[in-house]
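Peer 1: build the 3D model from these lines:
(one chain, ligands or ions: 1)
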Amino acid sequence: GKGGYDHFMLKEINEQPTSLAQAVEGRIDPENGRITLEDLGPGTFAGIETVQLVACGTSYHAALYGSIALNRAGIRTTAVLANEYSISAPPVDDGTLVIAVTQSGETADTLSALRQAKLEGARTLTVTNVVGSTAARVATDALFIRAGPEIGVAATKTFSSQAIMLVLLARRIAADTQSDPPENGEALLAELAGMPDRTEDVLATSDAERIARRYHDSRSYFFIGRGLGFPVALEGALKFKEITYEHAEGFASGELKHGPLALVTPETPVFAVFTGEEDEKTLKNASEAQTRGAPVVAVCPAGHEALEIADGHLEIPETNSTLAGLFANVQLQLVSYHAASLLDRPIDKPRNLAKSVTVE
Ligand code: F6R
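Peer 2: I've put the predicted structure just below:
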């Protein structure tokens, strides 16, 4: 059942402290900076030169998040929409690892990209929530996110777990393939270990309901972020449109001035995600929207410089920029949920959508 919540979506948003703890359980050792991914032991990824991530929808946003983490770990990586893969895939060979990111493991688009990659000689892996899913059977290797069942059509807890698994995988692959693996491994793993508790704090103190109440009758909703904040902005907008039925768009912060700014009015609130990656630039981009009358909601830590101009604040803990976006995402999930609830939407089963899309 819904465990006392009005909707599965809210239950699943609130399960993230547990789902994140399960994702990393037994897989990280902050003491020595080591990551253990079951049978994907040391040497598994030897010879991998490039990585392609294939996924759809929310899982694609997790894949984009992961692709940034992989690139920063020195691994050449692209994220490709699985439904574009058949006509737009970059070339593969036996030095290519294709990772299908799919909660259900049954998304037709993602499975056909995976099958195509395998046929063309790539090595394959899936990051999935469902043991025994088709993706887990088709891919050579599988890594399970262990998020537990997700009933709400809108993916929430599985997004954060997929992103975390890809962050771990980036370090694991780097350890096998880079002579000079990325630094600060211990610090990141320590932050990761503390993530469930801090997510609990975000959930307990979130101002998202008040923010949703203030802005839920706007004309359109914009979400901006840069670096790892960019996929979070895309995901924030996707969640918002899915369950509120209102128009929302996500942009890279720096893109606002290349076109979308023409849409900005006092009726288009801008949610700006600050992840500690060139925040001063994102702040400038948000200010430009504010100058055109748009209210700016800053998703950032307490005491952040963005709060000098922001009209609203959704607080995230002070943390590593690799993880900041995932706390921001929890706040944005809550904003979407509360806005949808104020608008009286069905939430768990939005019109026209299915939990698992098994046709191409
Ligand atoms: C959005 C959502 C969808 C799925 C997409 C892929 O909330 O749930 O966009 O993310 O259909 O599904 P999986 O991850 O099962 O491949």
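Peer 1: where does S336 sit: helix, strand or coil?
Peer 2: Taking DSSP: H, G, I helix; E, B strand; the rest coil as the rule, one finds S336 in the helix state.
Peer 1: so it makes contact with F240?
Peer 2: Yes. At 4.6 Å, S336 and F240 qualify as touching, with contact defined as Cβ atoms under 8 Å. Heads up, the C-betas are built off the backbone N, CA and C, glycines and all.
Peer 1: tell me which of the two has more neighbours.
Peer 2: When S336 is set against F240 and neighbours are counted by other Cβ atoms under 10 Å, the residue ahead is S336, at 31 against 28.
Peer 1: for the ligand, see how far away the more buried one is.
Peer 2: Taken as Cβ to the nearest ligand atom, to the nearest Å, the spacing of S336 relative to the ligand amounts to 10 Å.
Peer 1: pretty sure G105 is in contact with A136, am I right?
Peer 2: Yes. Taking contacts as Cβ under 8 Å, G105 lies within contact range of A136: 5.5 Å.
Peer 1: so what's in contact with the two at the same time?
Peer 2: By the contact definition Cβ atoms under 8 Å, 6 or more residues apart in numbering, G105 and A136 are jointly contacted by T126, T128, V130.
Peer 1: the residue nearest to the last one when sequence neighbours are not counted in helix, strand or coil?
Peer 2: Read that as V130. Beyond its immediate neighbours in the sequence, the residue positioned closest to V130 (Cβ to Cβ, 6 or more residues apart in numbering) is G105, lying 4.4 Å away. Three-state call for G105 (three-state DSSP): coil.
Peer 1: give me the neighbour count for G105.
Peer 2: Residues contacting G105 under the criterion other Cβ under 10 Å number 26.
Peer 1: one more: T140?
Peer 2: Using other Cβ under 10 Å, the number of residues around T140 comes to 12.
Peer 1: who's in contact with it?
Peer 2: Under the criterion of Cβ under 8 Å, 6+ apart, the neighbours of T140 are K118, R123, T124, L125.
Peer 1: A135 against N129, yeah?
Peer 2: No. The pair A135 and N129 fails to qualify as a contact (Cβ under 8 Å) at a distance of 10.0 Å.
Peer 1: overlap in contacts, those two.
Peer 2: With contacts defined as Cβ under 8 Å, 6+ apart, the residues shared by A135 and N129 are G105.
Peer 1: nearest to L97 among the shared contacts of G105 and A136?
Peer 2: For L97, the closest of those turns out to be T126, at 11.3 Å, with distances computed as Cβ to Cβ.
Peer 1: out of the contacts of T140, grab the one that's most surrounded.
Peer 2: Of these, L125 is surrounded by the most neighbours, 25 neighbours in total, counting by other Cβ under 10 Å.
Peer 1: measure it to the ligand for me?
Peer 2: The span separating L125 from the ligand equals 15 Å under the rule Cβ to the nearest ligand atom.
Peer 1: what do you get for L283?
Peer 2: Applying Cβ to the nearest ligand atom, the value for L283 to the ligand is 29 Å.
Peer 1: same deal with G194?
Peer 2: Distance, G194 to the ligand, using Cβ to the nearest ligand atom: 27 Å.
Peer 1: show the pLDDT at that residue.
Peer 2: As predicted, G194 sits at a pLDDT of 95.
Peer 1: other SSEs contacting the helix or strand containing it?
Peer 2: Secondary structure assigned from DSSP states H and E places G194 in helix 185-205. Using 3 or more Cβ pairs under 8 Å, 6 or more residues apart in numbering; DSSP states H and E as the contact criterion, the neighbours of helix 185-205 among helices and strands are helix 16-24, strand 28-29, helix 157-177, helix 321-342.
Peer 1: quick one on the thing from earlier: tell me which of the contacts of T140 fall in strands.
Peer 2: The subset of these located in strands under the criterion DSSP state E comprises R123, T124, L125.
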